[in-house]
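S.K.: Give the three-dimensional model of this entry:
(chains A, B and C)
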Amino acid sequence: MDFIGCRDRVALDEWHVVASLDSLPVGREVATRLLDTDLTLMRSPGDIVAAWPAASGKALPVRIRYGHVWTSLGTPARPLFDLPEFAEPDRRNVMAGSVAVHVSPPRAVENFLDLGHFAYVHDGYLGVEPHTEIKPYKVTSDENGVLVTECRAYQPQASLIADQGFEVEYVYRVPHPYCAILYKSSVLDEHRRDVIAIFVQPVEEERVVAHMLASVLDDVSSDDAIKNFQLLIFAQDKPILENQIPKRLPLHPRAEAWAPADAGSAAYRRWLSSRGVQYGTIPA
Amino acid sequence: MTSSWYPVASGSDLVARHIFHTALEGQELALWRDDAGLANVWENRCPHRGVRLTMGANLGTELRCQYHGWRFSSGSGQCASIPAHPGFVPSQGLRVKTYPCVERHGLVWTSLGEAEADIPDLGTAAWQPLRALFVEAPMAAVAPQLPEQDGLMLFLQPVSETQTVIHGLSADPAFSLRQHDDALTRLRDRIESAAP
Amino acid sequence: MISLSGSPLSREAYRIRLLFDLAGLAYEKLESTDLRIKADGERFDDAWRALSRLAPPDWQPDGRWFAFARRLASSPADTALFRELDQHLWFGERAGAPFLCGDHPTIADIGCFPEVMMSEQAGLSRMPYPALRRWGDRMRRLPGFTVMPGIFTLPA
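M.R.: Residues are numbered from 1 along each chain as shown, chains lettered A, B, ... in the order given. The predicted structure follows:
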């Protein structure tokens, strides 16, 4: 298939996000790009979306999941990962923005998993000096992904409805090379968690569109307010992401320096290596 | 790897609590002066996650990276503290890559490798650095255009394959900084409009 | 009484907010992400006009550099404008004028500030403009300085 720009079989055989559903006007072709390949999307009434490479008319498989449009340029071996919280009736599901960033897909995911940057990049929102300590946490992984649990961080304003700082417990899940999900203690119900997900569209090896989803317990804030909070946080990360050298994620364990707080990102890099993902990385 | 000494900044560019941004032969550099006056020439890249150090802060004795707040000591470039782990002493190997730094004639000189020749010695005359001019042209296109003038020394810094900085030193008080600047700016405009 | 609303990602709103925070003007922050500026009952539809009208006397600019700021805001990746700014500031530093119009900041500096500090988003690196980079530090160290996403604080 000459019109497909990417050669990484592992990346090609995955489902990838290409748009939020609500960003697609009905009846109009929308151009996008995935794995170095130009695509056309067309939404019809009834939330049906067709996708095809711009250079050929061949229809691509499409799934609408979690408010977003997913497609594949290859043959996925299994369905897209589950996100059961999305279907819970008392959740607010908010499409929290799609932002283009000049960075590789794995760097964007790793930033989302990162705990040590809150007081410096999100000063006053997700962290503040001197509350910078990251206590040890747990990491497990298998062929389906990485799970990071028992993370704790003190946050001045952990969410839109928090009016004071408190210690938040985080869980991160990486069920896909370019997607990550954050579960954090809900302010409204300590037994449940707010879900923030980042679905990274790998446009090119060093370019992405980051699509964000907030699936939260919040009976007060407007959709716009929830979305704008996530956009604000992401806008603080964007200049950091765009100033990382190299843009691709080095997978060799000694390519970059480590601290104990990086256990989650170390596991993510090992998992990418074990899956054979090359696109957007500098393989070990 | 052999290399040459090149000027990369004026000494007066390295003001207190500031980080100066430049590049030499494609290698980005972060230059800074500590509170005791020592000038540092470092790779513009934090060894942790590769973020440009020029986005961070000069704390006086340490450079702090904007991403995770890691701090690196003046002189050695060694990591001195990691905020995620208060009290943790990072290993000596955890450091920013540093380059040699010599200040002479009001300019800051560095070399990316083993320097073959010495830094030019212009004697004891009082050389006044001019405003450095950034030219969007390769060094090979700039060098032949440089004027020869008594009391004026021009040095070139190859920033990258397509960019060059002209560092001028003037020993002739008859010409003002502004006059030199106007002349060099016109030169730059000529070089850039001649470029393909 | 002044009130202001605007998206935290809006440069227009940030310019106004920065003036108020630096000049120590009290104002009420309203919830909406629409840009709305109201002072003593008067509504401003144009952020530049608001800057000009609401800036106290010591924040008023030399006309040329405020107009320059408006030009910069409408062509944010213009190398020629950045070169002009950098040259002006370099000579200013030597003449006791570390800000665009002299020895203290004005709305000309505030006007230019977001486009300069976020030039990379428009594809322009600030590496060739060392005097501009030093000016950016001086702005960030002003008492009352606040950020918008994309700009980071500096320790005093």
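S.K.: Kindly indicate whether residue 112 is helix, strand or coil.
M.R.: Let's take chain A. Reducing the assignment at A:Phe112 to three states with DSSP: H, G, I helix; E, B strand; the rest coil gives helix.
S.K.: Sorry, I should have been clearer: chain C.
M.R.: Quick answer, by three-state DSSP: C:Cys112 is helix.
S.K.: What residues does the stretch 51-200 of chain A have near chain B?
M.R.: Where the stretch 51-200 of chain A comes near chain B, counting by Cβ under 8 Å from any Cβ of the partner chain, the residues are A:110, A:114-117, A:119-121, A:129-130, A:132-134. Where you see a C-beta, it was placed from the backbone N, CA and C, and this is true even at glycine.
S.K.: try it again with 10 Å
M.R.: A:107, A:110-111, A:114-121, A:123, A:127, A:129-135, A:153 (Cβ under 10 Å from any Cβ of the partner chain).
S.K.: Now C:Val147: phi and psi?
M.R.: Torsion angles at C:Val147 (phi, psi; degrees, to the nearest 10) stand at phi -100, psi 170.
S.K.: Quick one: mean pLDDT over stretch C:52-69.
M.R.: Confidence over stretch C:52-69, taken as the mean pLDDT, stands at 93.
S.K.: Select from the residues of the stretch 51-200 of chain A next to chain B every entry located in strands.
M.R.: Members of those lying in strands (criterion: DSSP state E): A:Ala153.
S.K.: Need the outlier residue of chain C, farthest from its centre.
M.R.: Within chain C, C:Gly41 marks the point farthest from the mean C-alpha position, 24.5 Å out by Cα atoms, centre = their mean.
S.K.: so after the host helix or strand of C:Glu115, what's the next helix or strand?
M.R.: Element membership of C:Glu115 [criterion: DSSP states H and E] is helix C:107-117. Past helix C:107-117, heading to the C-terminal end, the next element that is a helix or strand (DSSP H and E) is helix C:130-140.
S.K.: Can you see whether that next one contacts chain A, counting any residue in it?
M.R.: No: contact between helix C:130-140 and chain A, assessed by Cβ under 10 Å from any Cβ, is absent, since the two come no nearer than 13.0 Å.
S.K.: need the strands for chain C, in chain order.
M.R.: C:2-5, C:28-29, C:36-39, C:42-44.
S.K.: want to throw those strands into TSV with mean neighbour count, mean pLDDT and distance to chain B?
M.R.: As requested, the strands of chain C are exported to TSV (neighbours: other Cβ atoms under 10 Å in any protein chain shown; pLDDT from 0 to 100; distance: least, Cβ to the nearest Cβ, whole Å):
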stretch	mean neighbour count	mean pLDDT	distance to chain B
strand C:2-5	17	93	28
strand C:28-29	10	92	26
strand C:36-39	18	93	31
strand C:42-44	13	93	34
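S.K.: For chain C, give me its nearest residue in the stretch 151-284 of chain A.
M.R.: Nearest to chain C, among the residues of the stretch 151-284 of chain A, is A:Ala235, at 3.4 Å (Cβ to the nearest Cβ).
S.K.: wait, what's in contact with B:Leu122?
M.R.: Shown in contact with B:Leu122 (Cβ atoms under 10 Å, 6 or more residues apart in numbering or on different chains): B:104-105, B:153, B:169, B:171.
S.K.: Then C:Thr146?
M.R.: Residues in contact with C:Thr146 (Cβ under 10 Å, 6+ apart) are C:14, C:17-18, C:20-22, C:140, C:153.
S.K.: Among those residues, which lie within helices?
M.R.: With helices defined by DSSP state H, the entries of these inside them are C:14, C:17-18, C:20-22, C:140.
S.K.: closest to chain B among the residues you listed?
M.R.: Proximity of those to chain B, judged by Cβ to the nearest Cβ, is greatest for C:Arg140, which lies at 9.8 Å.
S.K.: how about the nearest residue to the closest one, chain neighbours excluded?
M.R.: Once its chain neighbours are removed from consideration, C:Arg140 has its nearest residue in C:Leu154; the separation is 4.4 Å (Cβ to Cβ, 6 or more residues apart in numbering or on different chains).
S.K.: give me the number of residues near that neighbour?
M.R.: By other Cβ atoms under 10 Å in any protein chain shown, 18 other residues sit near C:Leu154.
S.K.: do A:Lys227 as well
M.R.: Using other Cβ under 10 Å as the criterion, the residues surrounding A:Lys227 number 18.
S.K.: That one reaches A:Gly67, doesn't it?
M.R.: No: with contact defined as Cβ atoms under 10 Å, A:Lys227 does not count as touching A:Gly67 (11.8 Å).
S.K.: what do those two both touch?
M.R.: Here A:Lys227 and A:Gly67 share the contacting residues A:94-96, scored by Cβ under 10 Å, 6+ apart.
S.K.: Make a ChimeraX selection of the buried ones in those residues.
M.R.: For the buried members of the shared contacts of A:Lys227 and A:Gly67, the matching ChimeraX selection, counting by 16 or more other Cβ atoms under 10 Å in any protein chain shown, is:
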select /A:94,95,96
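S.K.: mind listing what the nearest residue to B:Glu25 once chain neighbours are set aside touches?
M.R.: Spatially, and ignoring its direct neighbours in sequence, B:Glu25 is nearest to B:Pro158 (5.5 Å; Cβ to Cβ, 6+ apart). Applying Cβ under 10 Å, 6+ apart, we find B:Pro158 in contact with B:4, B:6, B:23-26, B:138-140, B:142-143, B:164-165.
S.K.: Name the secondary structure element that contains B:Pro158.
M.R.: If you go by DSSP H and E, B:Pro158 is part of strand B:152-160.
S.K.: Can you give the distance from that strand to the centre of its chain?
M.R.: Distance of strand B:152-160 from its chain centroid, counting by Cα atoms, centre = their mean, to the nearest Å, is 11 Å.
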